[in-house]
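Engineer: Build me a model from this:
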Amino acid sequence: MNPLNANRFFEQAAYPDTPKDGTPIIIADQLRNGENLGQIIRLAGNTGCQKVLIVTNNEAPRKSKMLRVADVAGKVMGWQYCQKSEVLNLIPDDYTLVALETSPASNNLFVTKLPKKMALIVGNESNGISEFLMNGSQMEIHIPVTGPVKSLNVAQATGLLLFEWVRQHVLSH
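Structural biologist: Below is the predicted model:
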């Protein structure tokens, strides 16, 4: 289906729009791959997120590749680069910091009630979420993987969690 047909389909479908307030914020913690960041920005646009904060250590991924993959979402979504030291100041006080990480303290995504006002932290492709942001998180979530390959691409995992948020907070009302 080409993009124009997809737009027409969703304009005519009976799906509610994502509310304008209290929508997720994504914190992309030191992601290195511009394609992953572009996919995450596009997913943020698909699910009505407020913004994407890209945490860097003075080395930003290739912006051209990121925006090519993000497509129109790169123009309509709020996104910005920021330093680790400032990222938590960019999150409203009434938001819950949710770490998408496989850890002993994490909860299964599909049996967990996600907070409506959620700042979703996703981690670096190789090293996961930094200790600084993990320590700041208030909730840890994992995606149950039942096949022989036990890891997910960061953009795929972000999409699964965001659409579960949509199911819980947009489509169920």
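Engineer: Okay, helices next: where are they in this structure?
Structural biologist: 3-12, 34-47, 63-70, 73-76, 84-87, 131-136, 154-166 (DSSP state H).
Engineer: any chance of the ones you listed in a markdown table, plus distance to residue 143, mean pLDDT and mean neighbour count?
Structural biologist: Just so you know, the C-beta spots here come from the backbone N, C-alpha and C atoms, and that holds for glycine as well. What follows is the helices of the chain, written out as a markdown table (distance: least, CB to CB, whole Å; pLDDT from 0 to 100; neighbours: other CB atoms under 10 Å):
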| stretch | distance to residue 143 | mean pLDDT | mean neighbour count |
| --- | --- | --- | --- |
| helix 3-12 | 25 | 73 | 10 |
| helix 34-47 | 14 | 93 | 23 |
| helix 63-70 | 22 | 85 | 17 |
| helix 73-76 | 22 | 85 | 15 |
| helix 84-87 | 23 | 94 | 14 |
| helix 131-136 | 17 | 96 | 15 |
| helix 154-166 | 6 | 97 | 20 |
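Engineer: I'd like those helices written out as TSV, with distance to residue 28 added.
Structural biologist: Below are the helices of the chain laid out as TSV (distance: least, CB to CB, whole Å):
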stretch	distance to residue 28
helix 3-12	24
helix 34-47	6
helix 63-70	10
helix 73-76	14
helix 84-87	10
helix 131-136	11
helix 154-166	8
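Engineer: For the closest residue to residue 112 other than its chain neighbours, grab the count of nearby residues.
Structural biologist: Distances taken as CB to CB, 6 or more residues apart in numbering put residue 141 closest to residue 112, at 6.1 Å, once the chain neighbours are dropped. By other CB atoms under 10 Å, the residues close to residue 141 number 24.
Engineer: For residue 141, give its distance to residue 7.
Structural biologist: Using CB to CB, to the nearest Å, residue 141 is found at 31 Å from residue 7.
Engineer: Kindly report which residue of this protein is located farthest from the centre.
Structural biologist: residue 12 (26.5 Å; CA atoms, centre = their mean).
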